[in-house]
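J.: 3D, please:
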Amino acid sequence: MYEVLIADDEAIERSALKMMLENNIGQIRVTGEAENGIQLLQLLKKNRYDIAIVDIEMPGLSGLEVLQMAQKELENTRVIIFTAYSSFDYAQMSLRYHAFDYLLKPTRREKLMATMERCIEDIESAQREAVNSAKLKKIIEQIRPLMDEELLNSFCTGSGDFDRLKIYLNALEISSEAGYIIIFRIRDRKRMQMIPEETFDQLARKKEVAMRVTSELSDLVEHALMQTRRDKITAFIPIERAGTEYQNRMDSIHLAHVILERVRIPETVEVIAGIGSVQDSLERMHLSYRESISALHDTKTNMAIRHYNDLFDKREQDWHILQNEQGQLLSAIRDEDMEKQKKIIEEIFFALHKKPEQEHGSYILEMMVQILHNADPYFSGGQDQRFQISRLCRECMNITDSNSLKLWLTEYCRKLSQEINAGSHTGIVIEQAKKYIDDNYQEDLSLNDVSRHCNVSIYYMSRLFKEKLGENYSTYLTRVRMEAAKEMIRKYDYPLKTLADKCGFRSVGYFCRVFKQYTGVTAGEFKEQR
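T.: This next block holds a predicted model:
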């Protein structure tokens, strides 16, 4: 049964329309009538209608004014403008507010019936599309492991039907082809190598660690593709917008750090990660895979997280020119000794004067990234290293001449000293986040939105929620929305759709399920307990 609302200032017109519709179309029931614009607006905000037949000229508010004011409430309603006014401007405005049709009075019964039938067909088509979409998602969930398998095999080998693979990516809602490969390997810590004959307990421990790694990766990267092979997890990390090489490298390294920090690793087991560089197409992703393999098996380092560009960068051969200055500068920054900082910076640029000026920024950036890594323990309150590195990259890479670079480095080190020696700012960040959520929970609010507002990374914000509030972001947001819903039910008599919208839910059914899970009762039962 389809519910219809008729808005017309003539009672006879409303009665005639109601009789005509209900007598000729068995699927229709007129459940709302409004004699002016204000009544129409109130009904739309209180109830949901499948079809609304609206006159333009009505007392209080015109039909077009109501359409403009109630666009959100009319999102799933087919609106038919039914008026005696044939103004072209009115017709244009009706289209602007997504009216389904524009009919002039008097309209022949056949034309009105045909329009209503088209409305019903459109509604049913949308319902079928929603059902088909839900079925498709269910099918994709069932075959997801097979799709991941084919995609990753093609990425690793550089072969396959890439046109079909791109279709797979679209089906998995991955809109970008850019990304990189990261491989996690789980191995015995004692012997630092895979044991030829492993015991059942050893295999079980490694399997448990592998499950934790994939779980954390899924939590942090929504559309990551993963493949697990006993002691090795290969993952494709898609990137919407690739940054500079430095930014991409720091982002990927930080992601690996966060995962390993969150995974509880037994003493007898260790996890190492090999990371390849970002590639901009599926056809080139095998290069990232080869790089991640090379990084994973490099014997010159004992680091748990290895990025290919860190291990095989061409600047590695003459990096020693700033090694001494790097340690001295970190010490001066930690001690907040500005004079010593200036002296060391002069020595740094003297050491660089034989290098091409256009390369100075790269050397300074490499040095400062290492300083930030080494300075992390000195940050009071565990400030976000990734945010520091992101800011460093943005600022440093925009400077082209050596003199400006020296002035920038002097000021950057001064600020870094202050931040290291300042009191913890994590409390301020989490309070900013909580206030932003309290002010915007009714919107489609993601952790990325909150992180951007607080000027920190999404990984740092995720960690703060768990460390400071004892729950993840989605749980906290749901709690805020549910408490708001309970308060609204106590104070107002909102219909379920309005209540769901005001609490940030675009689906009434999903809102009802979450509400019952949170409170143990339905919204109606909670209302009766007021």
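
J.: quick one, strands of the stretch 301-450 of the chain?
T.: In the stretch 301-450 of the chain, the segments counted as strands under DSSP state E, counting those that start in this stretch are 305-307.

J.: the chain now?
T.: 2-7, 28-34, 51-54, 78-83, 101-104, 179-188, 225-229, 232-238, 269-275, 305-307 (DSSP state E).

J.: name the helices or strands packed onto the second one?
T.: Where contact means 3 or more Cβ pairs under 8 Å, 6 or more residues apart in numbering; DSSP states H and E, strand 28-34 is packed against strand 2-7, helix 11-24, helix 37-46. Where C-beta positions appear, they are placed from N, C-alpha and C, glycine not excepted.

J.: same list, those, but as a markdown table with mean pLDDT and distance to residue 125 please.
T.: A markdown table is the format used below for those (pLDDT from 0 to 100; distance: least, Cβ to Cβ, whole Å):
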| stretch | mean pLDDT | distance to residue 125 |
| --- | --- | --- |
| strand 2-7 | 91 | 13 |
| helix 11-24 | 88 | 20 |
| helix 37-46 | 89 | 23 |
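
J.: single out the most deeply packed of the ones you listed.
T.: strand 2-7 (a mean of 22; mean count of other Cβ atoms under 10 Å).

J.: contacts for that strand?
T.: 14, 17-18, 21, 27-35, 37, 39-40, 43-44, 47-55, 58, 63, 66, 120, 123 (Cβ atoms under 8 Å, 6 or more residues apart in numbering).

J.: domain parsing for the chain?
T.: 2-107, 141-310, 317-421, 426-528 (automatic domain parsing).

J.: if you average pLDDT over each of those domains, which is lowest?
T.: Lowest mean pLDDT within the domains of the chain: domain 317-421, a mean of 76.

J.: run a quick neighbour tally on residue 398.
T.: 10 (other Cβ atoms under 10 Å).

J.: any idea how far it is from residue 392?
T.: 11 Å (Cβ to Cβ, to the nearest Å).

J.: need the strands of the chain in JSON lines with distance to residue 461, can you?
T.: Output for the strands of the chain, formatted as JSON lines (distance: least, Cβ to Cβ, whole Å):
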{"stretch": "strand 2-7", "distance to residue 461": "43"}
{"stretch": "strand 28-34", "distance to residue 461": "45"}
{"stretch": "strand 51-54", "distance to residue 461": "42"}
{"stretch": "strand 78-83", "distance to residue 461": "41"}
{"stretch": "strand 101-104", "distance to residue 461": "47"}
{"stretch": "strand 179-188", "distance to residue 461": "21"}
{"stretch": "strand 225-229", "distance to residue 461": "23"}
{"stretch": "strand 232-238", "distance to residue 461": "19"}
{"stretch": "strand 269-275", "distance to residue 461": "22"}
{"stretch": "strand 305-307", "distance to residue 461": "21"}
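
J.: return the most buried member of those.
T.: Greatest average neighbour count among these goes to strand 51-54 (a mean of 26), per mean count of other Cβ under 10 Å.

J.: about what we covered before: nearest to residue 216, of the helices and strands packed on strand 28-34?
T.: Shortest distance between residue 216 and those, using Cβ to Cβ, is found for helix 37-46: 43.3 Å.

J.: can I get the closest one in PDB, CA atoms only?
T.: In PDB, the C-alpha atoms belonging to helix 37-46 read as follows (Å, rounded to 0.1, in the frame of the first residue of the first chain):
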ATOM      1  CA  GLY A  37       1.600  25.400   3.400                       C
ATOM      2  CA  ILE A  38       2.200  25.300   7.200                       C
ATOM      3  CA  GLN A  39       0.100  22.200   7.600                       C
ATOM      4  CA  LEU A  40       1.900  20.600   4.700                       C
ATOM      5  CA  LEU A  41       5.300  21.300   6.200                       C
ATOM      6  CA  GLN A  42       4.200  19.900   9.600                       C
ATOM      7  CA  LEU A  43       2.900  16.700   8.100                       C
ATOM      8  CA  LEU A  44       6.100  16.200   6.000                       C
ATOM      9  CA  LYS A  45       8.300  16.600   9.100                       C
ATOM     10  CA  LYS A  46       6.100  14.200  11.200                       C
END
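
J.: tell me which residues are up against that helix.
T.: So helix 37-46 is contacted by 5, 7, 32, 34, 49, 52, 54, 58-63, 65-66, 69-70, 73-74, 77, 495, 498 (Cβ under 8 Å, 6+ apart).

J.: surely residue 102 is in contact with residue 64?
T.: No - at 11.1 Å, residue 102 and residue 64 do not qualify as touching, with contact defined as Cβ atoms under 8 Å.

J.: can I get the buried part of the contacts of helix 37-46 as one ChimeraX selection?
T.: Only the buried entries of these go into this ChimeraX selection, using 16 or more other Cβ atoms under 10 Å:
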select :5,7,32,34,49,52,54,58,61,62,63,65,66,69,70,73,74,77,498
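
J.: how about the helices in the stretch 51-200 of the chain?
T.: 63-69, 88-96, 109-157, 162-171, 200-220 (DSSP state H, counting those that start in this stretch).

J.: and these, which is most packed in?
T.: The highest average neighbour count among the helices of the stretch 51-200 of the chain, using mean count of other Cβ under 10 Å, belongs to helix 63-69 at a mean of 22.

J.: could you say what helices and strands that one packs with?
T.: Counting contacts by 3+ Cβ pairs under 8 Å, 6+ apart, helix 63-69 is packed against helix 37-46, strand 51-54, strand 78-83, helix 88-96.

J.: now the angle from the longest one to strand 2-7?
T.: Read that as helix 37-46. 160 degrees (axes from the mean of the first three to the mean of the last three Cα atoms, to 10 degrees).

J.: now the domains of the chain as CSV including distance to residue 114?
T.: Listed next are the domains of the chain as CSV, based on distance: least, Cβ to Cβ, whole Å:
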stretch, distance to residue 114
domain 2-107, 10
domain 141-310, 37
domain 317-421, 59
domain 426-528, 29
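
J.: what's near enough to touch residue 238?
T.: Counting by Cβ under 8 Å, 6+ apart, residue 238 touches 174, 176-179, 221, 223-225.

J.: pull out the buried members of those.
T.: Among the contacts of residue 238, the ones that count as buried by 16+ other Cβ under 10 Å are 174, 177-179, 221, 223-225.

J.: check the residues you listed and tell me the two furthest apart.
T.: 177 and 221 (15.7 Å).

J.: end to end on stretch 235-250, go ahead and measure it.
T.: 17 Å (Cα to Cα, to the nearest Å).

J.: cool, stretch 290-302 as well?
T.: 20 Å.

J.: quick one: residue 173 and residue 240 touch, right?
T.: No - counting by Cβ under 8 Å, residue 173 stays clear of residue 240, with 11.8 Å between them.

J.: excluding its backbone neighbours, what's nearest residue 510?
T.: residue 500 (8.0 Å; Cβ to Cβ, 6 or more residues apart in numbering).

J.: how far away is the one you found from residue 481?
T.: With Cβ to Cβ as the criterion, residue 500 and residue 481 are 10 Å apart.

J.: now swap in residue 59 and tell me
T.: As defined by Cβ to Cβ, residue 59 lies at a distance of 38 Å from residue 481.

J.: same check, this time on residue 77
T.: 25 Å.

J.: how close does residue 405 sit to residue 369?
T.: Taking Cβ to Cβ, one finds residue 405 at 15 Å from residue 369.

J.: ugh, typo on my part, it should be residue 466
T.: 26 Å.

J.: more crowded one of these two?
T.: For residue 466 and residue 369, the more surrounded residue by other Cβ under 10 Å is residue 369, and the numbers stand at 21 against 14.
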